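Peer 1: 3D model of this:
(chains A and B)
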Amino acid sequence: MIEASPSLALVIAIGVQFGAGVYLLLERSLTRVLVGIYLIGNGVNLMFLLAGGAAAGPPLIGTGPEEEMADPLPQAMVLTAIVINLGLTAFVLAMAYRSWQLHGHDEVQDDLEDRRLARRAERGEFDSRDDDFGANLAVEAAEARDETEEPVISEQPSPFARGDRGDGS
Amino acid sequence: MNWLLPMPVILPLFTAGFALAMARRPRAQLAASVATLTIVLGIAIALMVITHAEGPQVVNLGAWSAPVGIVLVADRLSALMLVVSAVVILGVLLYSVAQGLADGDQGAPVAIYYPTYLVLAAGVSNAFLTGDLFNLFVGFEMLLAASYVLLTLGGTSSRMRAGSIYVIVSLLSSMLFLIAIAMTYAATGTLNMAQLSTRLAEIDPNISLVLQILLLMAFGIKAAVFPLSMWLPDSYPTAPAPVTAVFAGLLTKVGVYAIIRTQTLLFPDGRMDTILIVASIVTMVVAILGAVAQDDIKRLLSFTLVSHIGYMVLGVGLANQLGLSASIFYVAHHITVQTALFLVSGLIERRGGTTSLEKLGSLTKAAPALAILFFVPAMNLGGIPPMSGFLGKLGLMQAGIQHDTGLAYVAVAAGLATSLLTLYAIVKAWNKAFWQTAPKPLPDTDVPRSMFVPAASIASIGVLLAVVAGPLYAYTDAAARDLRAQTPYLTSVLPDGERGEGLSHQVEEE
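Peer 2: All right, here's what the predicted structure looks like:
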């Protein structure tokens, strides 16, 4: 537990890094996102330093009285976090580079399938192979008509004009 | 027997190094990986038997006593998770081996596949076994870093797109987790979960609420609980089938496991229960509506995955004995079933050349065995009696009614509606892919039997869970009782309430 109040300079540094990091994280370019993540990561590392309490001497037994030692545990955790951050940074950089190779930019793409479904919903189309496609009355009426007549709708490429349908209608 | 505890973490890591060194000898890699994961499965089963008989097993790593050093703890919950995950990891490995052999040299770069897969296995085991919050973070990072590589395997355009979303969201959740850890340490001065359990009760309740929310946010992203689940259906379907299967089966469940631990061990006062129940209702309903709209089988399955996470979170939110027990049962059921379904969707892709429900068709005639293999886990997922999915849902619904609040009844209704809609979505997929005539004739390929067998084994384990449901429910009941009582965990980690069984000396309090 921290007895002393935290150092104001560190608190401000953490705040600035978090703010800048979140701003960059909202960008589309992978490189900027990466810098954002890295800034936030550094902010968290400083938080760990704060969590360890006030600055003090090296935590080595025999170098001084135990009361003047800093808490070694947050330092160990910061080291681990830095190493993990380093590895992941390398990975995201490689990903940004690969994305640049493929597309000429490193921006995060939209999901095509998602867009397609959204567009389909906007146009009010129905699943072409659903069993209950009775919402479009005009099509239904046309299909239900006398089958000896020339089918009207099969000329246009309608998703409903399927060969094995209409056997029950 | 507690020397067994670190093995599920250490063995895969060692073999990963060995496999990396043997990069030019796929056969040696393969033999080592299969052997290691089989041994891990054996150890996991042994651990489950031992913990069930003798109570939680604890190792103080490097003989540093508990709050100072890192502890590994296997209680009933972790042991069960370990067994189920070991089964799934081994099964998916065999499936991917068969796929690699079937594809010949055109397949994925196998040289890095095995090592990465083993690191993933080690990370999952570590997350289940650890008794230290920071070590949990390390476990998460291990499995996430491996999952980044597996998801972007081959570096194709669509995988880079899916991968970048997944990586960014995961990095963000890791940062949230790290912030929560730093704040927890600042507030309590410890990260040992057993010690945290006592100390968090002593600090200012408002601060502990902030910590709880931060941790639940971080785990909620990993478990894909509704407002935090958007990334999952975007990123999972593009990966190779075995990779998606193991992700779907395990990674989200690691998040669920972490939520269970947080809620029962660290914050047992239940102040977030209402929010968890609301989140679970929204998760179930919104995601299953998403599944109904999909016309790609992998995407459909990804949405059902998110939706059914809601069931598990519901049990945790209800927080009564029955709810917790059913939740744990449901995790075991869902890991096997969801993995089996994704493996089968990989087989469908091989047989039909696509996973789009617009193009598939007439698979019952072309591949009757495949049809059965899809039908059984699909019905299991939908909760048709007497399968394990039904039993899990039954337990959760009973728990909701036992809870006897308005919200719990809404949750029960949402659960029933979700179950029906799952059945609808799955039957729709079944109709289109298997029953209806294909718009164009399917390519004339065959599914290799070696891929068929692992998928069938995992699917049959899902069915077998219903056969052993009595003993399994007894086990999860005991696990839930342990979780709610906390004492078996606390007294095994810190026998005298202060220190674990290690060598480090007690420093006098200043």
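
Peer 1: and stretch B:150-166, does that touch chain A?
Peer 2: Yes. Stretch B:150-166 reaches chain A (Cβ under 8 Å from any Cβ of the partner chain) through B:T152, B:G155, B:S157, B:M160, B:R161, B:A162, B:G163, B:S164, B:I165. For every residue, glycine as well, the C-beta is placed using N, CA and C.

Peer 1: Residues in contact with that stretch: which ones?
Peer 2: A:30, A:95, A:98-99, A:102-103, A:108-109, A:111, B:108-109, B:113, B:116-117, B:120, B:147-148, B:167, B:231, B:234-240, B:243, B:247 (Cβ atoms under 8 Å, 6 or more residues apart in numbering or on different chains).

Peer 1: Helix or strand: which one has whichever residue of the stretch 51-200 of chain B sits closest to chain A?
Peer 2: Nearest residue of the stretch 51-200 of chain B to chain A (Cβ to the nearest Cβ) works out as B:A186 at 3.7 Å. Assigned by DSSP states H and E, B:A186 falls within helix B:157-188.

Peer 1: and the helix ranked longest in chain A with helix B:157-188, angle?
Peer 2: In chain A, assigned by DSSP state H, the helix with the most residues is helix A:72-103. Put simply, helix A:72-103 runs at 160 degrees to helix B:157-188, going by axes from the mean of the first three to the mean of the last three Cα atoms, to 10 degrees.

Peer 1: What helices and strands are in contact with helix A:72-103?
Peer 2: With contacts taken as 3 or more Cβ pairs under 8 Å, 6 or more residues apart in numbering or on different chains; DSSP states H and E, helix A:72-103 sits against helix A:30-51, helix B:133-151, helix B:157-188.

Peer 1: So for that helix, what gets flagged as buried?
Peer 2: Along helix A:72-103, these residues count as buried under the neighbour rule (16 or more other Cβ atoms under 10 Å in any protein chain shown): A:73-75, A:77-78, A:80-81, A:84-85, A:88-89, A:91-92, A:95-96, A:98-99.

Peer 1: shaky segments in chain A?
Peer 2: A:1-4, A:111, A:124-169 (pLDDT under 70).

Peer 1: one more time with 80
Peer 2: A:1-6, A:52-59, A:61-68, A:105-169 (pLDDT under 80).

Peer 1: how many other residues sit next to the residue of it found nearest chain B?
Peer 2: Using Cβ to the nearest Cβ, A:A51 is the residue of chain A that sits closest to chain B, at 3.7 Å. As a burial measure, A:A51 scores 24 neighbours (other Cβ atoms under 10 Å in any protein chain shown).

Peer 1: Can you tell me the closest non-neighbouring residue to B:A46?
Peer 2: B:L4 (6.1 Å; Cβ to Cβ, 6 or more residues apart in numbering or on different chains).

Peer 1: how much space is there between that neighbour and chain A?
Peer 2: 26 Å (Cβ to the nearest Cβ, to the nearest Å).

Peer 1: Show the backbone phi and psi for B:A239.
Peer 2: phi -70, psi 160 (degrees, to the nearest 10).

Peer 1: again, but for the one 5 residues further on
Peer 2: Dihedral angles phi and psi of B:T244 (degrees, to the nearest 10) take the values phi -60, psi -40.

Peer 1: ditto for B:T355
Peer 2: phi -110, psi 0.

Peer 1: same check, this time on the one 3 residues further on
Peer 2: When read as degrees, to the nearest 10, the backbone of B:E358 gives phi -70, psi -30.

Peer 1: Can you give me the pLDDT of it?
Peer 2: Looking at B:E358, its pLDDT is 78.

Peer 1: Was I right to think B:Y489 contacts B:Q195?
Peer 2: No. Counting by Cβ atoms under 8 Å, B:Y489 does not reach B:Q195; the two are 11.5 Å apart.

Peer 1: show me what contacts the residue of chain A closest to chain B?
Peer 2: Contacts of A:A51 were listed using Cβ under 8 Å, 6+ apart, and they are A:I2, A:P74, B:A182, B:M183, B:Y185, B:A186.

Peer 1: okay, the residues you listed in TSV with distance to B:R351 next?
Peer 2: What follows is the contacts of A:A51, written out as TSV (distance: Cβ to Cβ, whole Å):
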residue	distance to B:R351
A:I2	62
A:P74	55
B:A182	50
B:M183	51
B:Y185	53
B:A186	56
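
Peer 1: Filter the residues you listed down to the buried ones and express that as a PyMOL selection.
Peer 2: This is the PyMOL syntax for the buried subset of the contacts of A:A51, where burial follows 16+ other Cβ under 10 Å:
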select buried, (chain A and resi 74) or (chain B and resi 182+183+185+186)
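
Peer 1: who wins for neighbours among the residues of stretch B:150-166 next to chain A?
Peer 2: Busiest of the residues of stretch B:150-166 next to chain A [other Cβ under 10 Å] is B:G163, holding 27 neighbours.

Peer 1: Do I have it right that B:Y236 meets B:A245?
Peer 2: No. If you go by Cβ under 8 Å, B:Y236 and B:A245 don't touch, sitting 9.6 Å apart.

Peer 1: So between those two, which is more surrounded?
Peer 2: B:A245 (30 against 26).

Peer 1: so which strand or helix has that one?
Peer 2: helix B:241-246.

Peer 1: How about that helix and chain A, touching?
Peer 2: No. Using Cβ under 8 Å from any Cβ, helix B:241-246 never reaches chain A; the gap is at least 14.6 Å.

Peer 1: list the helices and strands that helix packs on?
Peer 2: When contacts are defined as 3+ Cβ pairs under 8 Å, 6+ apart, helix B:241-246 packs onto helix B:76-103, helix B:321-352.

Peer 1: Can I get stretch B:250-257 in PDB, CA atoms only?
Peer 2: What follows is stretch B:250-257, C-alpha atoms only, in PDB (Å, rounded to 0.1, in the frame of the first residue of the first chain):
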ATOM      1  CA  LEU B 250     -10.800 -22.300 -25.700                       C
ATOM      2  CA  LEU B 251      -9.900 -18.600 -25.900                       C
ATOM      3  CA  THR B 252     -13.200 -17.200 -25.000                       C
ATOM      4  CA  LYS B 253     -13.600 -19.800 -22.300                       C
ATOM      5  CA  VAL B 254     -10.400 -18.700 -20.700                       C
ATOM      6  CA  GLY B 255     -12.000 -15.300 -20.400                       C
ATOM      7  CA  VAL B 256     -15.100 -16.900 -18.900                       C
ATOM      8  CA  TYR B 257     -12.900 -18.800 -16.400                       C
END
